[in-house]
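**Student:** fold the following for me, if possible:
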Amino acid sequence: MTPRMLGEQAIRLAQWFPVVSITGPRQSGKSTLAKALFSDYDYVNLEDPEIRKSALDDPVGFIRQRPSKLIVDEAQYAPDLFSMIQVVSDERGGPGQYVLSGSQNFLLLKRIRQSLAGRVGLVKLLPFSYEEALSSDASATPDSFTLHGGYPRPYATGMPLDLFFSNYIDTYIERDVTDYLDVRSISDFRRFLTLCALSAGALVNYTGLANEIGISPRTAKAWLSILESSYIAFHLMPFHTNVRKQVTKTPKLYFYDTGLLCYLLGIRTVEELVAHPKFGDVFENLIVTETMKYHVNRGVEPQLFFYRDASKVEVDLLDFTDINDRRLIEIKSGQTYHDRFAKHLTLIGDALGIGRERQYVVGRVAASYVSHGIRVTSAHDWLTGKA
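**Tutor:** Now for the predicted structure:
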């Protein structure tokens, strides 16, 4: 198994909480991680119809007849188990009793909030970060990683990306979307998914998405909420400040995995990627998502924003996760740096009191350097935490 940076955080949580829950998108490696980290635990998978029936028919016996250390995979399929886990874990009183995992995050988190609030340490396992991918494929570059994405299975099996993502989308639509939404036409939702890919890096426009498909804006918002709860896409919120007025209040849309994004855009090779009209947006998506993973994988809640105001002053990424190291980041997909790229960084940095030593332009330059106090940073250095 490729080592996952989040593993240490999961182990720490098991020392503090009676229950640890591992969430994340389908195929991100949740089951593999749980079994690897907690190898001395018994393991049950409710995907198995017989085991699921047993859990549904007799939740009391299902929990009480099993050891005090237990992994329950696809736990969301047996709602009554959560109440029994609460009762039994309270009786025993110790940490690290249960590990819960599941692919349907919306249902899993709903069950946890209903029965296990305050007793669960939550771990969010996203697809491989660039750092983790390098552990599996030392030849990876930022461009090749952007195309390949971070889902573990293609790394482990050598499966063609087209085959993996085609099956991934089919499974996701059939098993997740149709369970939660009144999607009368699967083809409509597929088109919606592609339109979201075309909107990556842009302000979210529910009305525009809805009009393209022929659905209501309310339906478009509901569909996008499912993409979020399934860790397919997410919103990057704008930063509000009283320093400058009339700032944008609409969030931007990004994908958790650039491999899936490239597949939806019809990009199949690195050559096609760098020549694609959407390459700038895809590269921006890469830097934003990998910055998020950097913090999530260290057990820290990211505080990420973008800035845009009515006068068209914009900064692509504000990383305020560390209050003592607030960073402004401009993202450029080119291989050449120009001083004009830093114009808005300097303007907003001065307004917010963020010095040039914490202002970055991240691009595909060959090596990192400093220009007039601005940190010009290569994608490789940014993605490996060397910036």
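
**Student:** C-alpha only now, for contacts and for neighbours.
**Tutor:** Noted.

**Student:** phi and psi next, for residue 305.
**Tutor:** Reported as degrees, to the nearest 10, the phi and psi values for residue 305 are phi -150, psi 170.

**Student:** what's opposite it in the beta bridge?
**Tutor:** Beta-bridge partners recorded for residue 305 (DSSP bridges): residue 237, residue 318.

**Student:** now for it: which residues touch it?
**Tutor:** By Cα atoms under 8 Å, 6 or more residues apart in numbering, the contact set of residue 305 is 236, 237, 238, 239, 317, 318, 319, 320.

**Student:** ok, so of the residues you listed, who is nearest residue 270?
**Tutor:** For the contacts of residue 305, the residue nearest residue 270 by Cα to Cα is residue 317; the value is 24.8 Å.

**Student:** ranges for the strands of this structure?
**Tutor:** 19-23, 42-45, 70-73, 98-101, 120-124, 233-238, 252-255, 304-308, 314-319, 327-331, 359-363, 369-371, 374-378 (DSSP state E).

**Student:** between those strands, which one is nearest to residue 344?
**Tutor:** Among the strands of the chain, strand 314-319 comes nearest to residue 344, with 6.4 Å by Cα to Cα.

**Student:** tell me the mean pLDDT for that closest one?
**Tutor:** On average, the pLDDT along strand 314-319 is 97.

**Student:** picking that back up, just the buried residues out of the contacts of residue 305, in PyMOL syntax.
**Tutor:** The following PyMOL line selects those of those that are buried, judged by 16 or more other Cα atoms under 10 Å:
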select buried, resi 236+237+238+239+317+318+319
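
**Student:** check which helices and strands the longest helix along the chain sits against.
**Tutor:** Counting residues, the longest helix found in the chain (DSSP state H) is helix 279-296. For helix 279-296, the contact count by 3 or more Cα pairs under 8 Å, 6 or more residues apart in numbering; DSSP states H and E identifies helix 142-148, strand 252-255, helix 258-264, strand 327-331, helix 379-383 as packing neighbours.

**Student:** where does pLDDT dip in the chain?
**Tutor:** Along the chain, segments meeting pLDDT under 70 span 179-184, 242-245.

**Student:** list the contacts for the residue nearest the centre of it?
**Tutor:** In the chain, the residue lying closest to the centroid (Cα atoms, centre = their mean) is residue 256, at 4.1 Å. Going by Cα under 8 Å, 6+ apart, residue 256 touches 126, 127, 231, 232, 233, 234, 289.

**Student:** out of the residues you listed, who's the most crowded?
**Tutor:** Counting neighbours by other Cα atoms under 10 Å, residue 126 leads the contacts of residue 256 with 26 neighbours.

**Student:** buried ones in stretch 249-261?
**Tutor:** Under the neighbour-count criterion of 16+ other Cα under 10 Å, stretch 249-261 has 251, 252, 253, 254, 255, 256, 257, 258, 259, 260, 261 buried.

**Student:** now render the helices and strands packed on helix 279-296 as CSV, adding distance to residue 117.
**Tutor:** As requested, these are exported to CSV (distance: least, Cα to Cα, whole Å):
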stretch, distance to residue 117
helix 142-148, 37
strand 252-255, 29
helix 258-264, 33
strand 327-331, 34
helix 379-383, 34
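
**Student:** please name the nearest non-neighbouring residue to residue 131.
**Tutor:** Of all residues not flanking residue 131 in the chain, residue 384 sits nearest, at 5.7 Å (Cα to Cα, 6 or more residues apart in numbering).

**Student:** kindly report the same for residue 375.
**Tutor:** Nearest residue to residue 375, sequence neighbours excluded (Cα to Cα, 6+ apart): residue 360, at 4.7 Å.

**Student:** count of neighbours near the residue nearest to residue 131?
**Tutor:** 16.

**Student:** quickly list the domain ranges of the protein.
**Tutor:** 7-124, 130-383 (automatic domain parsing).

**Student:** what about the longest one, start to end distance?
**Tutor:** The separation between the terminal residues of domain 130-383, taken as Cα to Cα, to the nearest Å, is 6 Å.

**Student:** what does stretch 189-206 give?
**Tutor:** End-to-end distance for stretch 189-206, by Cα to Cα: 14 Å.

**Student:** just how off-centre is it within its chain?
**Tutor:** In terms of Cα atoms, centre = their mean, to the nearest Å, the centre of stretch 189-206 is found 17 Å from the chain centre.

**Student:** stretch 143-162 too?
**Tutor:** Mean C-alpha position of stretch 143-162 versus that of the full chain (Cα atoms, centre = their mean) differs by 16 Å.
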